[in-house]
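A.B. asks: Sequence and predicted structure are below.
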Amino acid sequence: MPALDDPLIDRFLDALWLEKGLSDNTREAYRSDLALFNGWLDERGVRLAEAGREVILDHLAWRLANDYKARSTARLLSGLRGFYRFLLREGLIEVDPTLRVEMPRLGRPLPKALSEADVEALLAAPDIGDPLGLRDRAMLEVLYATGLRVTELVSLRLEQINPRQGVLRTFGKGNKERLVPLGDEAMHWFERYLRQGRGLLLGDKASDVVFPSRRGEQMTRQTFWHRIKLHARTAGIASSISPHTLRHAFATHLLNHGADLRTVQLLLGHTDLSTTQIYTHIARARLQELHAKHHPRG
C-alpha cells in the first residue's frame, strides 16, 4: 500500500506545530500514518476529506487482518481524530467521522475460551429430567448459539424470540437493537423447554419472562452465574468459568470456523471493531495449535 501525501495533511501538521509544539518525530509519525491511510483510501477511490465512519472501520478491519499492532492502530486513530477535528474546525467537513470510533484497548488480558469439547460437555451437564435442568440446558444452548450478554439472556421476553424465523431480537448497550439467529440446536432445546419446563416453573403465575427462576420471577445474573458453575463442575471443567465465558467461546469458535470479524462484531453487538479485535488473538492461537498438531510439517 503506497503512502500518499495530501495538502490537507501539511495544513494539519502546521497547525499542530503552532498549537501544541509537537516534536519533529511525533509530527513525522502522524504524517506517515495519515499518508498511509490516504494511500489505502486512494486504492478504493475515496478522498481523504470524504472518508466516513464506515470507511474508517473498514480500515481498522484491514489493519487487524494484516496483523498491525493495537498500539500502532491507537496512534493512527489519535492522528485521525486530530486531523478530522481540524477539518471540522476549518469548515472543510460537516461531521467528524471518528466521533464514535473507539480506541483499541491496550494491555487488555485475553479472555479465557472454552474448547469446543468443553462446551459440548457443559451443554450436556444439566439434568433435563428436571424443569430447572431443562431450563438451564435451553439457556446454555441459547447463550452459546447467540453470544448474548448475560443481562440480555436473563431479561429475555417471549416476544423477543421468533420460533418461525429462528431469530432472537435483543437490546444491548445503549438500548441498541440487533437480530441474532438461534440455529437448529438452540431452537430445539428452546421449544422443548417451552413445552415441558417453563409452565412447571411458573405455576399459576402469568409472566412473559422466557427463563424464570424457581419462584417464577426474572432470574438474576448472579443466580445464572452460580448455575453455570454448578454445571461446569458436573462437566468436569476445571477452569473457572462464567456466563461471559460462553460469549467468548461463541465469538472464538465462529472465527475458528471462518467467520469474518465484521460478522462477529454485529452478532456480539459491539459498536466498533476495536472491541472485537481481542478475539482474533484467541482464534489465531487456536488455529496455530491445530496446525502444529495436524499438519505433517507442523
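C.D. replies: Right, received. Where do you want to start?
A.B. asks: Quick one: mean pLDDT over whatever helix or strand residue 60 lives in.
C.D. replies: Residue 60 is located in helix 53-65, with elements delineated by DSSP states H and E. Regarding helix 53-65, the rounded mean pLDDT is 83.
A.B. asks: same for that helix, what does it pack against?
C.D. replies: Helix 53-65 is packed against helix 24-43, helix 70-89, helix 261-268, helix 273-276, with contacts defined by 3 or more C-beta pairs under 8 Å, 6 or more residues apart in numbering; DSSP states H and E. All C-beta spots, glycine's among them, are computed from the backbone N, C-alpha and C.
A.B. asks: could I get the second one in PDB with only the CA atoms?
C.D. replies: What follows is the C-alpha trace of helix 70-89 in PDB, where atoms were taken according to Å, rounded to 0.1, in the frame of the first residue of the first chain:
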ATOM      1  CA  ALA A  70      -3.000  -2.400  18.700                       C
ATOM      2  CA  ARG A  71      -0.500   0.300  19.800                       C
ATOM      3  CA  SER A  72       0.200   1.500  16.200                       C
ATOM      4  CA  THR A  73      -3.600   1.500  15.500                       C
ATOM      5  CA  ALA A  74      -4.100   3.600  18.600                       C
ATOM      6  CA  ARG A  75      -1.600   6.100  17.300                       C
ATOM      7  CA  LEU A  76      -3.200   6.200  13.900                       C
ATOM      8  CA  LEU A  77      -6.700   6.800  15.500                       C
ATOM      9  CA  SER A  78      -5.200   9.600  17.600                       C
ATOM     10  CA  GLY A  79      -3.800  11.200  14.400                       C
ATOM     11  CA  LEU A  80      -7.100  10.700  12.600                       C
ATOM     12  CA  ARG A  81      -9.100  12.300  15.400                       C
ATOM     13  CA  GLY A  82      -6.900  15.300  15.400                       C
ATOM     14  CA  PHE A  83      -6.900  15.600  11.700                       C
ATOM     15  CA  TYR A  84     -10.700  15.400  11.300                       C
ATOM     16  CA  ARG A  85     -11.300  17.700  14.200                       C
ATOM     17  CA  PHE A  86      -9.000  20.200  12.400                       C
ATOM     18  CA  LEU A  87     -11.000  19.800   9.100                       C
ATOM     19  CA  LEU A  88     -14.300  20.300  11.100                       C
ATOM     20  CA  ARG A  89     -12.900  23.400  12.700                       C
END
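A.B. asks: List the buried residues for it?
C.D. replies: For helix 70-89, the neighbour count (16 or more other C-beta atoms under 10 Å) marks 70, 73, 75-77, 79-84, 86-88 as buried.
A.B. asks: Which SSE is immediately downstream of it?
C.D. replies: As assigned by DSSP H and E, the chain's next helix or strand after helix 70-89 is helix 116-124.
A.B. asks: And that next one, what does it pack against?
C.D. replies: helix 131-146, helix 221-235, helix 243-256.
A.B. asks: cutoff 10 Å now
C.D. replies: Packed against helix 116-124, as judged by 3 or more C-beta pairs under 10 Å, 6 or more residues apart in numbering; DSSP states H and E, are the following elements: helix 131-146, helix 184-196, helix 221-235, helix 243-256.
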